[in-house]
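>>> Need a 3D model of the sequence below.
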Amino acid sequence: MSPLKQKLINYFGIVVLIVLSSLSGYVAISSIGLAFKHFSTTPPEVIVFNRGFIMSLGACITLLAFLVASIAHEFGALVNNPKLIKVIMASAVSGVALMFILGVVSQHTYDSYFVENRSYGVCEDASSQWLFLKTTVYSEAQASCPSKVL
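Okay, here's the model as predicted:
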């Protein structure tokens, strides 16, 4: 493969990582902002909580670690600095661990706050789960439970 083609592929990969880390960062910040809104103000009658959006914070950290590794590799700093490799690997592994830890902790926090401390109930018909991605619907009154979430 020609050096120019390899450089273009490397730069395209860096652009893709920038876009994906930006999107996951935006989703993480907006979902954490929505969570704080639910806990700080009077919550609405029906709350839809999606664990996947909270998990995107860990994905953002992992993607940023890969982005830094790609940029450092492109400029040759990755080969010359083994300490940088350790920091990048620790960031990537902690981001992956944070994805799963934040998902479980946030689900438990929502369950304990809205179900145990407030008069909310879980709408089982509208809630769903696929692998680690769980969507839970909380409602103040059982009569106001939606049949499904759009």
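>>> how far is the helix or strand bottoming out on mean pLDDT in the chain from where the chain is centred?
Every helix and strand in the chain was compared by mean pLDDT, DSSP states H and E; the lowest is helix 77-80, with a mean of 72. Offset of helix 77-80 from its chain centre (Cα atoms, centre = their mean, to the nearest Å): 30 Å.
>>> That helix: which residues count as buried?
Buried residues in helix 77-80, counting neighbours by 16 or more other Cβ atoms under 10 Å, are found at residue 78. No exception for glycine: its C-beta is placed from N, CA and C like everyone else's.
>>> got it, and stretch 23-32?
Buried-residue list, stretch 23-32, by 16+ other Cβ under 10 Å: 24-25, 27-28, 31-32.
>>> In terms of distance to residue 123, which of those ranks first?
Distances from residue 123 to the buried residues of stretch 23-32, taken as Cβ to Cβ, are shortest for residue 31 (19.8 Å).
>>> May I see the buried residues of the helix or strand where the closest one lies?
Using DSSP states H and E, residue 31 maps to helix 3-40. Buried residues in helix 3-40, defined by neighbour count with 16+ other Cβ under 10 Å: 14, 17, 20-21, 24-25, 27-28, 31-32, 34-35, 38.
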